[in-house]
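> Starting from these lines, generate the structure:
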Amino acid sequence: MTRTLELTEQLIAQASVTPLDADCQALIAARLAPLGFVCETIASGPDDFRVTNLWAKRSAIRQGATQAEPKLIVFAGHTDVVPTGPLTQWGSDPFQPTHRDGKLYGRGASDMKASLAAFVVAAEEFVAAQPDAHLDIGFLLTSDEEGPATDGTVVVLEALKQRGERMDYCIVGEPTAVKRTGDMIKNGRRGSMSGKLTVKGVQGHIAYPHMAKNPIHLLTPAMAELVTIAWDQGNDFFPPTTWQISNIHGGTGASNVIPGHVVVDFNFRFSTESTPEGLQQRLKAVLEQHGLEFDLTWVISGLPFLTPPGTLVNAVRDAIHAETGITSELSTSGGTSDGRFIAQFCPQVIELGPPNDSIHMVDEFVRVADIEPLKNIYRRVLETLAA
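Just a heads-up that it's a prediction; the model follows:
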C-alpha cells in the first residue's frame, strides 16, 4: 500500500458529513507540521453549523536580500462530504474504506479525499527532495464546500486579505477527470446566478375567469420568449450562457381556484461574455414588455473565472503528459466550486483531480490506479514551479 492510498483510506474513515470535519484537517496538519508548515485552524459559523478551516503555509528561506520573493502555490480543497443516502443501498459501510475490483469505495473517495491525500504526499516528497526550494506552499482546506459555502473558503480568504497575504497559483482538488486522471482539467468555471420571480394576478373562482386574473396565463408568453433567447454566443473557453427554470409554484391545490400569484425559480449559468447586471436587465425588460406585475430577487453564487494557458496551466499539462502520456483537455464545464472564490484573490486557478463518474452517488469510489499518478502530477507541478 502506498502512503497516498493509506492516507486516502484514513480520510475516508472520518465521517465528515458537511459541516463536520471529523478531524480530517487535524490529521493533515499533523503530516504538514513536520515539513515546516505553520498550521492554523480558523473556525466560523454558528454553534449548530460550526465550520472548520485549515490554513497551512510553508515559507521558503530567502537566500539573500537580492533574491526575488518566492511564489506561493496553494493546494485548496474540502474535507466535508455529502450525506450518504440510504445505507442499505451501499455495498459496504460508506465510512469503512473497502476495496473491490481495483476500486476504493467510501463516501468522499473521489470528492475529494483522494486529492487531499495526494496533495499531502506530493508536498512530503517534494520537501524531502528539495528542502531549500525557492517556492512557498500553502494548503487551504474547509469543511463547508458541500454546504452553504458561507463560512469556509471565503472566510479564510478574507482573513488572508486582512493580513496582506497573496497567492500566485492555486490547484483545487475537485474531481475533474472523465475516464482517467489527467484527461481533463478545469481552467475556469461558468458563473451561477439564481432568480425568484413572483408574478401577481387576482385570485378567483375558475368558473368566472373574467372576475379574476390568472398569473400563469399572463406569464406564459413571456416564458415562451425567454426560453428562446440567445443570451450570448460563448467564446473559445466557455459555452453560451444558459437560462433554465428549476421550479414553478402556483395555485392553492384546489382545482377550482385561479391562483393569485405564481412563483418561478430559475438559474443562469453564464460565461465571461455576459455580466450579472446585463442578464438581469435583459430578463426584466422582457417581463416589462409583457406588462406583468412582478417581484424579482437575485442571488449570485459565483462569478465566472478563467485561467488561460500560462505558467500554471502549462506546468499542470506538462506534468500530466510526463506522468501519463495524456494531453489534457481544458474545460470550463460542470458546476461551481470554491475556485470561484479563490479566483477573486488568486490570478491563476485550475482544478485537477480524479475521475468524477461516481461523485455524490451511492457506492462512491476512486480507482486505485488513479491515485498515485495524481500525487505524482501534483509533485511534478511543484518541481516545475520551483525551477
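
> Packing partners of whichever strand or helix holds Cys170?
Cys170 is part of strand 169-172, with elements assigned from DSSP states H and E. In terms of contacts (3 or more C-beta pairs under 8 Å, 6 or more residues apart in numbering; DSSP states H and E), strand 169-172 is packed against strand 71-78, helix 311-324, helix 339-342, strand 348-351, helix 368-386. In short, each C-beta sits where N, CA and C put it, glycine included.

> now the last one: mean pLDDT?
It stands for helix 368-386. Per-region confidence: helix 368-386 scores 98 on mean pLDDT.

> which strands and helices sit next to that helix?
Against helix 368-386 (3+ C-beta pairs under 8 Å, 6+ apart) you get helix 3-12, strand 71-78, strand 103-105, helix 114-129, strand 135-142, strand 169-172, helix 311-324.

> Return the second one as CSV; C-alpha atoms alone will do.
So the one you mean is strand 71-78. Taking C-alpha atoms only, strand 71-78 is exported to CSV below (Å, rounded to 0.1, in the frame of the first residue of the first chain):
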residue,chain,number,x,y,z
LYS,A,71,5.9,32.5,-5.5
LEU,A,72,3.1,30.9,-3.4
ILE,A,73,1.2,27.9,-4.7
VAL,A,74,-1.8,26.8,-2.7
PHE,A,75,-3.5,23.4,-2.7
ALA,A,76,-7.2,24.0,-2.0
GLY,A,77,-10.0,21.6,-1.2
HIS,A,78,-12.6,20.4,1.2
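
> quick one: whichever helix or strand comes after it to chain centroid distance?
Next helix or strand after strand 71-78 toward the C-terminus (DSSP H and E): strand 98-100. Taking C-alpha atoms, centre = their mean, to the nearest Å, one finds the center of strand 98-100 at 27 Å from the center of the full chain.

> ok, and what's touching strand 98-100?
Outside strand 98-100, the residues within contact range by C-beta atoms under 8 Å, 6 or more residues apart in numbering are Gly91, Ser92, Leu104, Tyr105, Gly106, Val368.

> Equivalent analysis for stretch 25-45, please.
Here stretch 25-45 has contacts from 7, 10-11, 14, 19, 50-59, 79, 116, 120, 123-124, 127, 137, 139, 141, 143-144, 150-152, 155-156, 159, using C-beta under 8 Å, 6+ apart.

> go with 6 Å
Residues from elsewhere that reach stretch 25-45 (C-beta atoms under 6 Å, 6 or more residues apart in numbering): 51-58, 79, 120, 127, 141, 151, 155-156.

> Farthest pair within these?
Maximum pairwise distance among the contacts of stretch 25-45 (C-beta to C-beta): 30.5 Å, between Val127 and Asp151.

> Compare the two (neighbour count), which wins?
Neighbours were tallied for Val127 and for Asp151 using other C-beta atoms under 10 Å; the higher tally belongs to Asp151 (23 against 20).

> you'd agree the more buried one is up against Asp144?
Yes: the pair Asp151 / Asp144 is scored as a contact, 5.1 Å apart, by C-beta atoms under 6 Å.

> Need the residues touching each of the two.
Val51.

> quick one: contacts of the strand or helix carrying Gln162?
For Gln162, the host element (DSSP H and E) is helix 153-163. Helix 153-163 is touched from outside by Ile42, Ser44, Asn53, Trp55, Leu140, Thr142, Asp338, Phe341, Phe345, with contacts defined as C-beta under 6 Å, 6+ apart.
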